[in-house]
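>>> Need coordinates for the following:
(one chain, ligands or ions: 1)
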Amino acid sequence: MERLFTFLLSEQHLRSHVTVVLQAFLFAALAIFFLSRNKWSIPLRIVLFALLVSIADLTIFFDTFWSTYPNLLWNFPQPTTEITGLLTFCFAVGAAYFYLNVRRSIKTAIMSGALLSFGMAFSAFDILVATVSPATLAYDLSAVLIVLVIGATLCAFAFWELGSALAARPRLVASILLAFALALLPLGSMGSILPFDQWLTVIQTPDSALFSPLSVLCLSGGLAMVFLLCVASLLDIRVATSQQREGDRMRHLADGTFEGILISRDDVVMDANLSILEMTGLELNDIKLLRVPDLFSGGFGAQKDMASVLTGRIGAPEQLELLGPGGRRIPVEVLSREVPYVDGQATVVAIRDVTERKAAEDYIRYLAMHDTLTALPNRRGLESVLGQVIEHALQHGTMAAVLGLDLDGFKAVNDSLGHHAGDKLLKEVAVRFQAQLRDTDYIARLGGDEFVIVLRSVADIDDAIHLAKRLIACLWQPFALGGHDVYVGVSIGVALCPRDGDNTQMVLKNADIAMYQAKIKGKGQVYEFQAGMETAVQERHDLELDLRAALGRSELRIYYQPLFDVSGVITGFEALARWPHPTRGMIPPDRFIPLAEETGLIVPLGEWVLKTACGVAAGWQSDVSIAVNLSPTQFRRVDLVNTVMKTLEETGLQPSRLELEVTETLLMEDVPKALALVRDLRALGVRVALDDFGTGYSSLAYLHNFPFDKVKVDRSFINKITNDPNAWTIVESIIVMSHKLKLRVTAEGIETGAQLSLLAEHGCDEMQGFLLGRPMPESQASSLIESLKNLHSVS
Ligand SMILES: Nc1nc2c(ncn2[C@@H]2O[C@H](COP(=O)(O)O[C@H]3[C@@H](O)[C@H](n4cnc5c(=O)[nH]c(N)nc54)O[C@@H]3COP(=O)(O)O)[C@@H](O)[C@H]2O)c(=O)[nH]1
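Numbering: from 1, shown residues only. All right, here's what the predicted structure looks like:
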């Protein structure tokens, strides 16, 4: 030992130590850099490391050797130097292999360190032995052992530190430790032999009396290594037990959560909790063989930057797909974090199954975009698709068509058969419409009885018009609802884009305006949007608002038109609504009655007319009757029998003085119900007249089957009877036939004396027309009654 200290402290210059340490650090830093270069292949890393270590060992040895024995400068034994260099290289390869390929433990670190240090010490001794050969080398065994143990320890720590995930600067520390080993081993080995000048005089030392220096070195090196490994095994067992405990603790914690938890290092699964095993259908041992990316559909790479997911650099959870049993893709949310785990850093990957949440989200999204009744897209769905269609049309110079559809007569079904039947009807209408469309066409329901169809690409307007006609025709067949055959129609407006609008709102609005036009013009039709249409629609809209307000303010009036028998006696008055508009003047019923029918305002309007007219008639000092028109909408929505009964009670009008005029349209909608109505009204003592006969179907069956009191022949026939023989033939037949059925006949719209004479001659019972009296205000009607009463009493 003393010899070693003497050699290191007094025989070597400080400058020489500094040079050696610098050289050692340079080589060590490079060797450690190559060894830890993860991106390179393992064999390359091992070879470069071993090459640098063996070159460093020889360089430092000869540097020291030649400076200690200048007379031997440039003298090195051959081929021993090359062979020992190769040996050092092989030992270094072994050390690096252990470090890189065998699971990291204290034992493997010591094994690697011991191999490396033995290789370096052996090469130094071998060269020294060869140098003094044939004489035997004299050495200090205790110094040899100390050098070996310290060298092995330094190397072992260098490997341990380099593999530590917890170390702050593993490469720097490992480089320093290896540098010391690289400096110590050649120097220490040389310091363990007696100086050459003494050695030449001392043949043998007591330590090396019996054995060759190399065999002693091997034996003592082997013993030192066994000793160190025993110590390392003990340490490893303790470490492994504590790691096992830590692993178990973590697994119990992880098993307690509903989320899947994976622990991985370098992408390889180290552990997994029960949830993750259930999700993947894998056993723990099987999953441990896998890389984390392999658990996900398409690997992480296809879905997301794996590195960023696995190193917890992403703050928000990532949406990925986990591969479940049978390749099923499970939508999951993945979060990861770096944690100290067992013998280093690991990544904890938390995997949450979001299947249910995703399904709920999908359903919510579906609901937001679809109509639940018909399963068709709703307004939101339509707007998003139409936006794309318009954009495409604008970009590619193509044309798309938008059809706005509104059912005719749907409200009637809803009111008469109930909402359940209405819903069923809408579903069946949707199915019929869909059957007319191509795959590329798009249909949505906007609510109520409104639908929109988008034709993504049309050559011209005719494409859309043809489809619209097919859509109208597909509703001609009745719908069977609750034992009834129900008929509905559809009014369709067509707008083209970009011609009629370059944005969703505008195109939809214009299709709607065209549809409205189709409604106004008689329903069951298709109209193409044209500039200026919106003015008419707007006007109609304004009119509706005004009518609503006028009803609320009781601005409407009733005019009374007299009816006479053939002898000129006044038999009654027909109550006709009038609307004196504050700015538009007198609006004729032809304009506001259909509007009131469409908007449902006819219900309050009709009740008001009935009540007012009955009240006025009850005040007349006469038994003349009062005729009131009933609209089909009233028939559908109101319990007319009850309303009439209440009105008669409230106004005190005798039922026999009230005559209610119904049209064929009312009868056609629901024949049994209409029949019951006519019968019930007559049961009240009220008379019922069939109005406008001669228009519409003019079905004689109605005359036969319904217990009417009277038929009113429409004025469109009456004004032709004197110059159109056919018209007269029809009117004459109606008179004859009605009389046979015991019905009275009223001719309306008599404007000339010739018409009056002809009708009177042929037995028409009652006359109405401008010739005899125009509709007049209540005061004039009262005066007329009085004056005629006086006239008759005088005559
Ligand atoms: N449901 C309700 N319908 C009503 C009500 N008030 C009116 N109406 C209906 O509006 C239509 C138009 O009515 P109006 O403009 O009042 O026309 C009536 C008469 O003025 C007109 N008439 C009568 N004689 C002549 C004539 O010689 N020449 C001529 N050009 N017109 C004439 O006929 C209308 C009455 O017809 P009718 O009802 O068929 O007897 C009209 O359909 C009204 O029914 C209401 O309160 N409710």
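
>>> make it CA atoms for all contacts and neighbour counts henceforth
OK.

>>> Tell me which helix or strand the residue of the stretch 351-500 of the chain found nearest the ligand sits in.
Nearest residue of the stretch 351-500 of the chain to the ligand, counting by C-alpha to the nearest ligand atom: Ala412, 15.9 Å away. Element membership of Ala412, judged by DSSP states H and E, is helix 410-417.

>>> And what about Gln319, helix, strand or coil?
Three-state call for Gln319 (DSSP: H, G, I helix; E, B strand; the rest coil): strand.

>>> Oops, could you answer that again for Thr398 instead?
Note that with three-state DSSP, the state of Thr398 is coil.

>>> how about stretch 741-752, does it reach the ligand?
Yes. Using C-alpha under 6 Å from any ligand atom, stretch 741-752 reaches the ligand at 748-751.

>>> Report pLDDT for the residue of the stretch 351-500 of the chain closest to the ligand.
Ala412 carries a pLDDT value of 79.

>>> tally of neighbours for Asn642?
13 (other C-alpha atoms under 10 Å).

>>> Helix, strand, or coil at it?
helix.

>>> any idea how far Lys611 is from it?
Asn642 sits 13 Å away from Lys611, going by C-alpha to C-alpha, to the nearest Å.

>>> picking that back up, can you say which of the residues of stretch 741-752 next to the ligand are buried?
Buried residues within the residues of stretch 741-752 next to the ligand, defined by neighbour count using 16 or more other C-alpha atoms under 10 Å: 748-751.

>>> Just the element for the residue nearest to the spatial centre of the chain, please.
For the chain, the residue lying nearest the average C-alpha position, counting by C-alpha atoms, centre = their mean, turns out to be Arg365 (4.6 Å). Per DSSP H and E, Arg365 falls inside helix 355-369.

>>> still on that earlier bit, burial of the residue nearest to the residue of the stretch 351-500 of the chain closest to the ligand when sequence neighbours are not counted, as a residue count?
Among residues not flanking Ala412 along the chain, Arg636 sits closest, at 6.4 Å (C-alpha to C-alpha, 6 or more residues apart in numbering). Residues lying near Arg636 (other C-alpha under 10 Å) number 22.

>>> Roughly how far does Arg636 sit from Leu26?
103 Å.

>>> Repeat that for Arg379.
From Arg379 over to Leu26 (counting by C-alpha to C-alpha), the distance is 74 Å.

>>> These two: which is more packed in?
Using other C-alpha under 10 Å as the criterion, Arg379 and Leu26 rank with Arg379 on top: 19 against 16.

>>> ok, now which ones touch the more buried one?
369-370, 444-446 (C-alpha atoms under 8 Å, 6 or more residues apart in numbering).

>>> repeat for Pro498
Here Pro498 is in contact with 390, 393-394, 399-400 (criterion: C-alpha under 8 Å, 6+ apart).

>>> Mind picking the two most distant members of those residues?
The span of those, defined through C-alpha to C-alpha, is set by Leu394 and Ala400 at 9.8 Å.

>>> the more surrounded of these two?
Ala400 (24 against 15).

>>> Pretty sure the more buried one sits against Arg499.
No. Using C-alpha atoms under 8 Å as the test, Ala400 is too far from Arg499 to be in contact (9.1 Å).

>>> Am I right that the residue nearest to Ala412 sits in a helix?
Yes. Assigned with three-state DSSP, Arg636 falls within a helix.

>>> That one reaches Ser416, doesn't it?
Yes. With contact defined as C-alpha under 8 Å, Arg636 reaches Ser416; the gap is 5.7 Å.
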